[in-house]
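**Q** Following is a predicted model, sequence given first.
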Amino acid sequence: MEQNIQVLKALAHPTRLEILMFLKNKDSACVCKIYETLNLEQSNISQHLRILKSSGILESNKIGQWVHYRVTHKEIFDILDLVENIATK
């Protein structure tokens, strides 16, 4: 139950949702591309990535000098679609 709460809390922020939408159709992305695309400070993006990773939504691996992130379970997008459908009714 606690892990479910952490996932839902992690999804409850606009920047984290933007990060997920950026990663939606990618196998993985370098943190540098994430913060460049979202036009936010690297430190701010890193905080949000940490929360998404600790909730189990993202995982990371280091390639060279950069950390790359990927969505652990693509089913998270089904949840986001469901929330959007509920919110628009």
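**A** All right, it came through fine.

**Q** ok, the residue most central in space within the chain - contacts?
**A** In the chain, the centroid-proximal residue (C-alpha atoms, centre = their mean) is residue 20; its distance is 3.8 Å. Residue 20 sits next to 11, 52, 57, 71, 76, 77, 80 when contact means C-beta atoms under 8 Å, 6 or more residues apart in numbering. Glycine gets a C-beta too; all of them are placed from N, C-alpha and C.

**Q** So which of the residues you listed are in helices?
**A** 11, 52, 76, 77, 80 (DSSP state H).

**Q** for residue 61, helix, strand, or coil?
**A** strand (DSSP: H, G, I helix; E, B strand; the rest coil).

**Q** pLDDT wise, what is it at?
**A** In this model, residue 61 is scored at 95, pLDDT.

**Q** Go ahead and list the helix or strand containing the nearest residue in space to it that is not next to it in sequence.
**A** Take residue 61 and drop its neighbours on the chain: the residue closest to it by C-beta to C-beta, 6 or more residues apart in numbering is residue 68, 5.8 Å away. Assigned by DSSP states H and E, residue 68 belongs to strand 66-71.

**Q** contacting residues for the residue lying closest to residue 31 once chain neighbours are set aside?
**A** In this structure, residue 31 finds its nearest non-sequential neighbour in residue 67, 5.1 Å apart by C-beta to C-beta, 6+ apart. Counting by C-beta under 8 Å, 6+ apart, residue 67 makes contact with 30, 31, 60, 61.

**Q** Got a quick ChimeraX command for the buried subset of those residues?
**A** Selection of buried members from the contacts of residue 67 for ChimeraX, criterion 16 or more other C-beta atoms under 10 Å:
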select :31
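
**Q** Tabulate the contacts of residue 67 in a markdown table, adding columns for distance to residue 4.
**A** A markdown table is the format used below for the contacts of residue 67 (distance: C-beta to C-beta, whole Å):
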| residue | distance to residue 4 |
| --- | --- |
| 30 | 30 |
| 31 | 27 |
| 60 | 22 |
| 61 | 26 |
